[in-house]
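Participant: Here is my input, please return the structure:
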Amino acid sequence: MRRSKRAEKTQTALVAGGAGFLGSHLCEALLHDGYRVICVDNFLTGRMENIGSLVGLARFRLIEQDVCTPLELGEPVDRVFNLACAASPPRYQADPIHTTRTCVIGTLNLLELAASNGARFLQASTSEVYGDPEQHPQREDYVGHVNCTGPRACYDEGKRAAETLCFDYLRAAMADIRVARIFNTYGPRMDPADGRIVSNLVMQAIEKRPLTIFGDGRQTRSFCYVTDLVEGLRRLMDVDPNPREPVNLGNPGEFSILELARLVRELTGTRSPVKYLPLPQDDPRRRRPDISRAKALLGWSPQVPLRQGLLQTIVYFSNMDDLATEPVVAIDRAGGGKLQDLQL
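Facilitator: Numbers count the residues shown, from 1 in each chain. Just a heads-up that it's a prediction; the model follows:
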């Protein structure tokens, strides 16, 4: 479906958040497709080691900047991928005001950049727009069940506002936008200390620490391997005509947190016990995408089973030089205390 760019005039793709877990994989894939890639990152959660092999390449440019400040590129762009925002609850709750600013002001700045360049725009939205869903599995026409004043709202409502901006730009014919609602993604280059459920459990198992589970572990998630997710993003950006509606991207396989913990124990061979902690506020009970729209519009569905992808992730973490990481916690600035590590 996707055509190679090598035989055509070289196009330029900007990836905001390009030094992050997902963004770095996307940068690599776009370079492989023949694009010139501009990576923009403020390195609050992105890591230089994720893009170390790309720095210095002729078709790769790195800009260290926060997207809340308008970009002055000095060159045209043809594609804009907006992946700029912390995605794990501890990270985005650490500075909730900046998270909201990134979702709203950052997205607006990038939309303006796309509009002025006549560039196609892809917004990385999230399954968090569905909140703690009352519909299962979640279809794109579900309007969600979100607590707009809770500790997760900076991200949940920020992403919902970003979608609003995107579709307003589309309806006004100011930019050709596409919106991907991304469900839990995992794989190599995840930050081992970002507080997400896969990285938490894998690191705890490798380091022979207790595996922490919040609540009773019966809450479910759907885990999509990073290469599958990147393929979905590329297809959504390339598809014609414009879908003019959000598209779920995720793996419809549904697993409880207890099932995930058992699989991590099996694949790592650890005998670490399970430690149960109270469930955080607004933590979704069930999460599973309906990907009928992605299948119909993009011909896309995930190919990597959880066992295979999890094994690759374990190998990546096992080979890291420094495994002595501390879990990230969000600061409750109003109360002066600490919020619990959250798992998604």
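Participant: Which secondary structure elements does the helix or strand hosting Thr100 sit against?
Facilitator: Counting by DSSP states H and E, the element that carries Thr100 is helix 96-101. Counting contacts by 3 or more Cβ pairs under 8 Å, 6 or more residues apart in numbering; DSSP states H and E, helix 96-101 is packed against helix 153-171. Glycine gets a C-beta too; all of them are placed from N, C-alpha and C.
Participant: could you dump the helix it packs on to CSV, C-alpha only?
Facilitator: The C-alpha trace of helix 153-171 is given here as CSV (Å, rounded to 0.1, in the frame of the first residue of the first chain):
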residue,chain,number,x,y,z
ALA,A,153,-7.4,15.0,33.2
CYS,A,154,-4.4,17.0,32.1
TYR,A,155,-3.7,14.2,29.6
ASP,A,156,-7.2,12.8,29.0
GLU,A,157,-8.8,16.2,28.4
GLY,A,158,-5.7,17.7,26.8
LYS,A,159,-5.8,15.0,24.1
ARG,A,160,-9.5,15.5,23.7
ALA,A,161,-9.0,19.2,23.2
ALA,A,162,-6.2,18.5,20.7
GLU,A,163,-8.6,16.3,18.7
THR,A,164,-11.1,19.2,18.7
LEU,A,165,-8.5,21.5,17.2
CYS,A,166,-7.5,19.0,14.6
PHE,A,167,-11.0,18.4,13.3
ASP,A,168,-11.8,22.2,13.4
TYR,A,169,-8.8,22.7,11.2
LEU,A,170,-10.0,20.0,8.9
ARG,A,171,-13.5,21.3,8.7
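Participant: State the mean pLDDT of the following helix or strand past the helix holding Thr100.
Facilitator: Of the helices and strands lying after helix 96-101 in sequence (DSSP H and E), the nearest is helix 107-117. Mean pLDDT, helix 107-117: 98.
Participant: tally of neighbours for Ala172?
Facilitator: 9 (other Cβ atoms under 10 Å).
Participant: if we can go back for a sec, how far does the helix holding Thr100 sit from the chain's center?
Facilitator: Distance of helix 96-101 from the chain centroid (Cα atoms, centre = their mean, to the nearest Å) equals 16 Å.
Participant: ditto for stretch 305-324
Facilitator: Offset of stretch 305-324 from its chain centre (Cα atoms, centre = their mean): 18 Å.
Participant: Also stretch 52-65?
Facilitator: Relative to its chain's centre, stretch 52-65 lies at 21 Å (Cα atoms, centre = their mean).
Participant: rewinding a little: and for the helix holding Thr100, what are the contacting residues?
Facilitator: Residues outside helix 96-101 that contact it (Cβ atoms under 8 Å, 6 or more residues apart in numbering) are 44, 68, 85-86, 92-93, 151, 153-155, 157-158.
Participant: Let's see if you can find the most crowded of those residues.
Facilitator: Cys85 (29 neighbours).
Participant: wait, what's in contact with that one?
Facilitator: 17, 92, 99, 102-103, 106, 124, 155, 158-159.
Participant: Sounds good, over and out.
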